[in-house]
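Student: Fold the following.
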Amino acid sequence: ALEKVDRKRRFFCFAEFAKQKNDLNVCYNIPVQDNYSSDSAKDYCIVEMAIHRKDAELCGKAEAGDWKEICYNFVAIITSDTELCSRVNPELSKKLYNGCYPEIARQTSNITVCDNIQDDDFKAICKMMSSLNADYCKQTTGNYTWLCYETLMKTTKNYSYCNETLGYDMEIRQNCRKSD
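Tutor: The predicted structure follows:
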């Protein structure tokens, strides 16, 4: 039956089966199909197992693409382990690296987590996410300023900062119009 399932659902099926059985070996025995490498399927499965087990050591077994970075990011977030954020290679995935610390800061309401971020704009956004204090958005530059305010408005549902944003986000635009 799995032979007829498209690739993405097939990856998902193997990962779910591995999690149900709590058996990492399932990930290493995914057959090649339609000339697609089994490496991506294996790595997706390993990442899912690492998240399921909350086990960052499994992340090191992922090899293809940026699966390792994705894995460390998600396990860091679900375990609130900032040390795992530092394992995300910012050169490979700046978005994951700069998203890891803010998410943990937001979950834990620990603003000091943001001090791990080197980039001043991302650090300010992180501090805003942790504290929900709009003053941190004033410390950002360029496009990061509107990104900061849009993130704040989406999080708090307080649309009083509409004049501070470019309004790229459809939900924000609609709610800003309602609040005028």
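
Student: elements contacting the lowest-mean-pLDDT helix or strand in the chain?
Tutor: Here the helix or strand of the chain ranked lowest by mean pLDDT, DSSP states H and E is helix 170-179, holding a mean of 73. Using 3 or more CB pairs under 8 Å, 6 or more residues apart in numbering; DSSP states H and E, the elements in contact with helix 170-179 are helix 143-156. For glycine as for every other residue, the C-beta is placed from the backbone atoms N, C-alpha and C.

Student: Check the average confidence over the helix it packs on, would you?
Tutor: Averaging pLDDT along helix 143-156 gives 88.

Student: Report pLDDT for the residue nearest to residue 133 when sequence neighbours are not counted.
Tutor: By the measure of CB to CB, 6 or more residues apart in numbering, the closest residue to residue 133 outside its immediate chain neighbours is residue 127, 7.4 Å from it. Residue 127 carries a pLDDT value of 95.

Student: for residue 127, what are its contacts?
Tutor: Taking CB atoms under 8 Å, 6 or more residues apart in numbering, we find residue 127 in contact with 105, 111, 114, 133, 136.

Student: Now the last one: closest residue in space, sequence neighbours ignored.
Tutor: What that stands for is residue 136. residue 128 is the one closest to residue 136 (CB to CB, 6+ apart), at 3.8 Å.

Student: buried sites along the host helix or strand of that neighbour?
Tutor: Assigned by DSSP states H and E, residue 128 belongs to helix 120-131. Neighbour-count burial for helix 120-131, counted by 16 or more other CB atoms under 10 Å, picks out 121, 122, 123, 124, 125, 126, 127, 128, 129, 130.

Student: Looking at those residues, spot the one nearest residue 176.
Tutor: Residue 176 has its nearest neighbour among the buried residues of helix 120-131 in residue 128, at 18.4 Å by CB to CB.

Student: And that closest one, how close does it get to residue 115?
Tutor: Per CB to CB, to the nearest Å, residue 128 is found 14 Å from residue 115.
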